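Participant: Quick one, what's the 3D model for this:
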Amino acid sequence: MLDEQKRIRIAIIQGAFLPSPPLLGGAVEKVWHALGREFAVNGHDVVHISRQYDGLEETNAEKWCATFASFMATNNRGASFC
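Facilitator: Residues are numbered from 1 along each chain as shown. Below is the predicted model:
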C-alpha cells in the first residue's frame, strides 16, 4: 500500500451511453474499467462515474458523488455536478 502522501484520488468519468462496469461492451469503457482496477490495486482511491443502468446497484452512486465532491473541493476544482 502507498503512504498517504503518494496516494492519488482518481475520478474516471465515463461516456454518456454505456454503464460502468462495461456490461454492454464498449472498448473505451473496458479499458478505463481495467485501468481503474489497476490504479486501485496499486493503492489509489478510484471512483468511476457513469450512467445508471437497470439491473445495476445504485447504492454506490451516493458514495461516489460524495467522494467526487470531496475530491473537487479538496483540489480547488470548483463545484461538483452530483
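
Participant: do you know how far Gly25 is from Ser50?
Facilitator: 14 Å (CB to CB, to the nearest Å). The C-beta positions use only the backbone N, C-alpha and C, and glycine is treated the same way.

Participant: what do those two both touch?
Facilitator: In the contact map built from CB atoms under 8 Å, 6 or more residues apart in numbering, the residues linked to both Gly25 and Ser50 are Leu18.

Participant: Helix or strand: which one has Val31?
Facilitator: Here Val31 sits within helix 27-41, counting by DSSP states H and E.

Participant: Give me the helices and strands touching that helix, please.
Facilitator: strand 9-13, strand 45-49 (3 or more CB pairs under 8 Å, 6 or more residues apart in numbering; DSSP states H and E).

Participant: Comparing these by mean pLDDT, which bottoms out?
Facilitator: When these are compared on mean pLDDT, strand 45-49 scores lowest, with a mean of 85.

Participant: can you tell which of the helices and strands packed on helix 27-41 is closest to Leu2?
Facilitator: Comparing these against Leu2 with CB to CB, the closest turns out to be strand 45-49 (10.1 Å).

Participant: Go through that closest one and flag the buried ones.
Facilitator: For strand 45-49, the buried set under the neighbour-count rule, 16 or more other CB atoms under 10 Å, comprises 46-49.

Participant: same check, this time on stretch 6-20
Facilitator: Residues of stretch 6-20 classed as buried under the neighbour-count rule (16+ other CB under 10 Å) are 11-12, 14, 18-20.

Participant: rewinding a little: make CSV from the helices and strands packed on helix 27-41 and add distance to Trp32 to it.
Facilitator: Rendered in CSV, the data for these read as follows (distance: least, CB to CB, whole Å):
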stretch, distance to Trp32
strand 9-13, 5
strand 45-49, 7
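
Participant: ok so, going back, wait, which of the buried residues of strand 45-49 is closest to Phe39?
Facilitator: Nearest to Phe39 among the buried residues of strand 45-49 is Val46, at 4.9 Å by CB to CB.
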